[in-house]
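Asker: Below is the sequence, then the predicted model.
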Amino acid sequence: MSNSELPRICIVGAGNLSTKRIYPNIGTAGGKLVGICDLDQDKAKKNSERWGGTVYSELEKMLDTEKPDGVIICIGPEMHAKLSKITIARGIPTYTEKPSAPDAASALEVAKLAKEKNVLCTTAFKKRYNVAYTRAKEFISKFPAEDLYGISIDYCSAQYAPHRSFIHDFCIHVIDLIGFLGGDIAQVFAFKKDADAYAVSLKFTNGGVGSLSLNDGRSFQIPTEEVEISLRGGNFMSIHNSSQWRIGEGGKCTEWREPPTFTSAGDSGYETGHLAEIEDFFAAIREGRTTRSNIYESYKSLVLFDAIVESAESGKVVDIVYETI
């Protein structure tokens, strides 16, 4: 397709998350919705009436009929990996909600298939596209990798139901973020309290250190997210609730951003990153390139996730090893 054409997009899933975060952004991001697939036909029809697209109950039939330029998959993590293999095997650029798979091994299978077929597969890690963390990545990149001293992240939610994995569903955002900001990770050690709280220490391959404080004893209504980044020579950045920040260089304040409002429930799509990540996916389809949250990056984040779980269960330091593809 040419850069002037709108990519024709199909979506798998018409649940609450996709209805709030994906469907409303398709047109704004520069795409055209042509197909919706969901076993719940009523939900699919409601979304079709609002945003267009033909309703289907079978993925293969939708792909055969619509021949889309890209597919967005937004259902459960187990199905993200399973269905993305189907779309990638057909040569269709694919975007899945986070996490991309239940574990690193499953994500690696998808990554290997995507490389074999030379097909884009990306994961919706919105924090990689959020305004504050885009700025943080730019700031860290100004310095040599060995100048990174540390990154700490405090990230919490309200109570999760026992049958849902708080660390896999919610914490995966900052498990991915700390690697995005600090680079590859060499070692991990974690404590946990039941399934509700984790304290994680890690060492980056560049020598820096990091920490994650994670629990589900707070609130979904009040954002509680604090990030501190420290580099050699009095260079640092503090980020509050993924929207406010201050930067110090040489021990002096050089940048201060304090937007008048922030709500975790939604915004323009750039503060949270929901719109920006879809825009990048569509641009990558048109330009034949990858994205900043491609499936291999997602695999590495799940390697860290698996290591945190293993360390918390075993009480031992876990060495991180990334398989190349």
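Answerer: Thanks, I have it.

Asker: Checking my notes, residue 221 in a helix, right?
Answerer: No - when DSSP: H, G, I helix; E, B strand; the rest coil is applied, residue 221 is found to be coil, with no helix at that position.

Asker: And for residue 86, the neighbour number?
Answerer: Neighbourhood size, residue 86 [other C-beta atoms under 10 Å]: 16. Any C-beta I mention is one placed from the backbone N, CA and C, and that applies to glycine too.

Asker: now the one 5 residues further on
Answerer: Residue 91 sits with 9 neighbouring residues when counted by other C-beta under 10 Å.

Asker: So for it, what pLDDT did the model give?
Answerer: On the pLDDT scale, residue 91 is placed at 98.

Asker: Give me the nearest residue to it, chain neighbours excluded.
Answerer: When the adjacent residues along the chain are set aside, residue 91 lies closest to residue 119, with 5.6 Å between them (C-beta to C-beta, 6 or more residues apart in numbering).

Asker: SS state for the one you found?
Answerer: State at residue 119, reduced to three classes by three-state DSSP: coil.

Asker: Let me know the distance separating it from residue 128.
Answerer: Summarising the geometry, the distance separating residue 119 from residue 128, computed by C-beta to C-beta, to the nearest Å, is 20 Å.

Asker: buried stuff in stretch 300-320?
Answerer: Using 16 or more other C-beta atoms under 10 Å as the burial criterion, the residues of stretch 300-320 that qualify are 300-309, 311-312, 318, 320.

Asker: Which ones among these map onto helices?
Answerer: When DSSP state H is applied, these are split such that 300-309, 311-312 fall in helices.

Asker: Residue 119 and residue 128: which is more packed in?
Answerer: Higher neighbour count among residue 119 and residue 128: residue 128, with 24 against 18, using other C-beta under 10 Å.

Asker: List the contacts of that one.
Answerer: Neighbour list for residue 128: 134, 176-177, 180, 273, 277, 292-293 [criterion: C-beta atoms under 8 Å, 6 or more residues apart in numbering].

Asker: try residue 295
Answerer: Residue 295 is in contact with 84, 100, 107, 110-111, 114, 121-123, counting by C-beta under 8 Å, 6+ apart.

Asker: about what we covered before: farthest pair within the contacts of residue 128?
Answerer: For the contacts of residue 128, the maximum inter-member distance is 14.1 Å, found between 134 and 176 (C-beta to C-beta).

Asker: for this structure, which spans come out with low pLDDT?
Answerer: In the predicted model of the chain, residues 1-4, 260-267 satisfy pLDDT under 70.

Asker: Mind doing that once more with 80?
Answerer: Under the criterion of pLDDT under 80, the regions of the chain flagged as low confidence span 1-4, 163, 223, 259-268.

Asker: At which residues are the strands of the stretch 201-325 of the chain located?
Answerer: Secondary structure of the stretch 201-325 of the chain, counting by DSSP state E, counting those that start in this stretch: strands at 209-215, 225-231, 235-240, 244-249, 252-257, 318-319.
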